[in-house]
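Participant: build me a model:
(one chain, ligands or ions: 1)
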Amino acid sequence: MYSADEKRYEKMKYSRCGRSGLMLPQVSLGLWHNFGTGGNFDNMQAMCYTAFDNGITHFDLANNYGPVPGAAEENFGRIMEKGMKAYRDEMVIATKAGYDMWPGPYGNRGSKKYLVASLDQSLRRMGLDYVDIYYHHRPDPETPLEETVNALDGIVRSGKALYVGISNYNKEQTAAAKKLFRKLGTPFIINQRSYSILNRAIEEDGLKDYAAAHGIGIITFSPLAQGLLTDRYLNGIPEDSRIRTDGRFLKENAITEDTLTMIRTLREIAAGRDQTLAQMALSWILRDGDITSVLIGASRPSQILDNIGIVNAGPFTKEERNAIETAVGR
Ligand SMILES: NC(=O)c1ccc[n+]([C@@H]2O[C@H](COP(=O)([O-])OP(=O)(O)OC[C@H]3O[C@@H](n4cnc5c(N)ncnc54)[C@H](OP(=O)(O)O)[C@@H]3O)[C@@H](O)[C@H]2O)c1
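Facilitator: Reported below is the predicted structural model:
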């Protein structure tokens, strides 16, 4: 039987999510990759235990994570059942709906019909009574935003989610949603967006500043650019890397000589800070306090241990910030 490390809360720092009462760990674990059908269940379980033993209380899922869609929630449900459910009240579990999930017109996008049914399915797969955060996974221009917002509000009132979030919404879409949620009094607390040294979209569309000014939490996915911002690809493409094991999103053509040169330069800057490149990439996201949590993925427990090494990282000097910008051609 799993028994969590008693010192787990000494190993992590927690940040308030927007202006809500909910604290999130500075590092959260996502189950997008490596939790699918045919994956190694013992490794999945070891990753969740390692995360929780180190104060990572927040686990991020979605209806479609797999492959096959639904598999990550099922595997997580097994992990809960086998050892973690005793800690349910110490965990923040999130899931989402918004992408293609089941055939026909009701298994995709942003209708109330889809969002309500999908959460019921997710809860069944995970063996849970409620999730802590339920997200609309992506904006849907074909469904009135009022309907999506009303559906999320009703879901909170039904007790099946405690808080709601949106994902992949830009600044304008976030502002529009916030206005509607506010009218209803919905606990809308977070937007989940991609952000890394290599992807500045939330700076460029103004969301990062807007969210900080308006008390909305931001959790950033793919902070390591799916593994590019690590040592993973410095000496070729390993057989056990994401590109080889599940190249649906990170593809071999991402590894160019220019990219490798940039990664080596970033790695030298990290070494000057006594950090691994992965650690520096994560610390950089948290550098000015605007981001609530970095949402990492992992393929093994050792990566999680490396990544939580950021918890006591020092601030960036002006020179280090500038050197990073120069390395990525900014
Ligand atoms: N809302 C959305 O639309 C959306 C979209 C994408 C992701 N997400 C969420 O964000 C989470 C994280 O995304 P992501 O997996 O792309 O994040 P990521 O942290 O950028 O990439 C994770 C990958 O980086 C490698 N890695 C991690 N730590 C490492 C270390 N210390 N040293 C060397 N390599 C390391 C591993 O690759 P290898 O497998 O090669 O070892 C790992 O699978 C997802 O699980 C999901 O919950 C949300």
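
Participant: packing partners of the strand or helix carrying Gln279?
Facilitator: Using DSSP states H and E, Gln279 sits in helix 277-285. If you count contacts as 3 or more CB pairs under 8 Å, 6 or more residues apart in numbering; DSSP states H and E, helix 277-285 packs onto helix 257-272, strand 293-296, helix 301-308. For glycine as for every other residue, the C-beta is placed from the backbone atoms N, C-alpha and C.

Participant: got the angle for it vs helix 301-308?
Facilitator: Helix 277-285 runs at 40 degrees relative to helix 301-308, counting by axes from the mean of the first three to the mean of the last three CA atoms, to 10 degrees.

Participant: which of the helices and strands packed on helix 277-285 sits most buried?
Facilitator: strand 293-296 (a mean of 26; mean count of other CB atoms under 10 Å).

Participant: so which residues of the stretch 101-250 of the chain form helices?
Facilitator: 112-126, 145-158, 171-184, 201-204, 207-214, 242-245 (DSSP state H, counting those that start in this stretch).

Participant: out of these, which is closest to the ligand?
Facilitator: helix 242-245 (3.7 Å; CB to the nearest ligand atom).

Participant: now that closest one: buried residues?
Facilitator: By neighbour count on 16 or more other CB atoms under 10 Å, the buried set for helix 242-245 is 242-243.

Participant: report the distance from it to the chain centre.
Facilitator: 19 Å (CA atoms, centre = their mean, to the nearest Å).

Participant: do that helix and the ligand meet?
Facilitator: Yes. For helix 242-245 and the ligand, the contact criterion (CB under 6 Å from any ligand atom) is met by Arg242.

Participant: close enough to count as contact, Gly107 and Asp100?
Facilitator: Yes. Look at Gly107 against Asp100 with CB atoms under 8 Å: they come within range, at 6.7 Å.

Participant: these two: who's more crowded?
Facilitator: Shown here are Gly107 and Asp100; by other CB atoms under 10 Å, Gly107 has more neighbours (20 against 11).

Participant: okay, the helices of the stretch 101-250 of the chain in JSON lines with mean pLDDT and distance to Gln226 next?
Facilitator: Converted to JSON lines, the helices of the stretch 101-250 of the chain look like this (pLDDT from 0 to 100; distance: least, CB to CB, whole Å):
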{"stretch": "helix 112-126", "mean pLDDT": "98", "distance to Gln226": "24"}
{"stretch": "helix 145-158", "mean pLDDT": "98", "distance to Gln226": "28"}
{"stretch": "helix 171-184", "mean pLDDT": "98", "distance to Gln226": "24"}
{"stretch": "helix 201-204", "mean pLDDT": "98", "distance to Gln226": "15"}
{"stretch": "helix 207-214", "mean pLDDT": "98", "distance to Gln226": "20"}
{"stretch": "helix 242-245", "mean pLDDT": "94", "distance to Gln226": "6"}
